[in-house]
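Q: Structural data only, the sequence is not supplied:
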């Protein structure tokens, strides 16, 4: 469903160019799954998060190229020359955004463990295959079409003039954006102080039951039967045969009463008995501690901090100003904190579980990867505009023009990823709904922060450093 929505959007907006991008995307997914199969890698939720981010990176590279081609065609260039110059001018943004995300992937793989390493594996593979597909396969298809004199269009009637007359004053409104972000974070802090976060089994521990049914049973069916008596959805996995499951719940895990164990067992039986026509036997029960040990938590924190430091250094070298590196890293931290704030605010409000677990860590890392890609592309366009108009008396206007010019690429890329995530959110079931919700919130926040947080921070710190020009 997600792929279908991406296909519809790309073809509706970019016409034949969109079809070429979809072909490259299909090749990309094929390559990723093929390499994962060769490496015998287990496809976990974090791994799926990595693939979702990779789909975004793959489409993003093509959208960057197409938007550049459209700009070249608007200048009156012919199709062949416009495509050639579009690829040439998009290379810088594509390379910078993918290298920064690759740094994130390598550091997470080196220092991370478990789910973080699984996410990093698919991310690294995906970045390399995305670059290959966007730069080589897309260009190959275009060359084949042009050699046969086939018409290549990059817009339809409704999309031809899209974003042409947009002129938002991002620079002067930056204090408004700071206030909006501060209010969300403060609301999250207040929610955390009053009701806390919903920590999952990974961080909190729980009780595990192995249950064998007379007939095959689906995990979703078991979750639906147990979520009311146990007050929230337990973790349910098929354990061996398809009539056997492992159920893990945090219900009454902090209760030190002597009969707490029996209370949980009673609630478990109450739920399982509601599954009609399928008798069951509880084979074993065990109280488990948190599976995410302190060393895993600390390694995750160090991995993120080191990757932020290296990305700061890379951006500083590429853009020759430390303010750009600071803006990018500040936007990353902003996104992670805002997603946490939303989880605190909506904890117990939404009709599905918002657990802080290993999958949530993967979601945060995905948001960071996307946000970094988005921010670097925006910075690249600002650098280009400032370089061309460096003698302009009104540098604020130059930066605003740069931000507005990249708006079409930013929004279109976000929409394609949003469509994929929305399909997973709707059809993915109860088990991964909280995980997908974190990604949906993160993509929106990442898009917002790349324009409304990262760039204003660069501008304000340039002022503090006496570099008003």
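A: Structure's in. What do you need? Small disclaimer: the values here were computed from a predicted structure and weren't measured. Residues are numbered from 1 along each chain as shown.
Q: make it CA atoms for all contacts and neighbour counts henceforth
A: Fine.
Q: pLDDT below threshold where in the stretch 51-200 of the chain?
A: Along the stretch 51-200 of the chain, the parts satisfying pLDDT under 70 run over 113, 115.
Q: hmm, try it at 80
A: Per-residue confidence for the stretch 51-200 of the chain (pLDDT under 80) gives these ranges: 52-53, 55-57, 108, 111-116, 161, 164-165, 200.
Q: now the strands for it?
A: Using DSSP state E, counting those that start in this stretch, the strands found in the stretch 51-200 of the chain span residues 198-199.
Q: Just the element for residue 262, please.
A: Assigned by DSSP states H and E, residue 262 belongs to helix 260-273.
Q: Need the contact partners of that helix.
A: With Cα atoms under 8 Å, 6 or more residues apart in numbering as the contact definition, helix 260-273 has outside contacts at 222, 225-226, 228-230, 251-252, 279-280.
Q: Of those, which is the nearest to residue 30?
A: residue 222 (33.4 Å; Cα to Cα).
Q: any idea how far that closest one lies from residue 406?
A: 47 Å (Cα to Cα, to the nearest Å).
Q: Just the buried ones out of the contacts of helix 260-273, please.
A: Burial by neighbour count, judged by 16 or more other Cα atoms under 10 Å, picks out 222, 225-226, 229-230, 251, 280 from the contacts of helix 260-273.
Q: could you redo these as TSV and give each row secondary structure?
A: Listed next are these as TSV, based on DSSP: H, G, I helix; E, B strand; the rest coil:
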residue	secondary structure
222	helix
225	helix
226	helix
229	coil
230	coil
251	coil
280	strand
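Q: Report the two of these separated the most.
A: Largest separation among those by Cα to Cα: 251 and 280, giving 20.8 Å.
Q: how deep is residue 173 tucked in, by neighbour count?
A: Counted by other Cα atoms under 10 Å, the residues lying close to residue 173 total 12.
Q: Over to it: give its phi and psi.
A: Note on residue 173: its backbone torsions stand at phi -90, psi 10 [degrees, to the nearest 10].
Q: and it, what is it in contact with?
A: The contact partners of residue 173, by Cα under 8 Å, 6+ apart, come to none.
Q: Now the residue lying closest to residue 104 once chain neighbours are set aside: which helix or strand?
A: Take residue 104 and drop its neighbours on the chain: the residue closest to it by Cα to Cα, 6 or more residues apart in numbering is residue 307, 5.2 Å away. Using DSSP H and E, residue 307 falls within helix 294-319.
Q: now, which of the contacts of helix 260-273 sits nearest residue 375?
A: Proximity of the contacts of helix 260-273 to residue 375 (Cα to Cα) peaks at residue 251, which lies at 41.5 Å.
Q: contacting residues for the closest residue to the closest one other than its chain neighbours?
A: With sequence-adjacent residues excluded and distances taken as Cα to Cα, 6+ apart, residue 251 is closest to residue 230, at 6.0 Å. By Cα under 8 Å, 6+ apart, the residues touching residue 230 are 249, 251, 264, 267-268.
Q: hmm, 10 Å instead?
A: Contact partners of residue 230, counting by Cα atoms under 10 Å, 6 or more residues apart in numbering, are 223, 249-252, 264, 266-268, 270-271.
Q: Next: residue 31.
A: Counted by Cα under 10 Å, 6+ apart, residue 31 has contacts 25, 37, 125-126, 129-130, 133.
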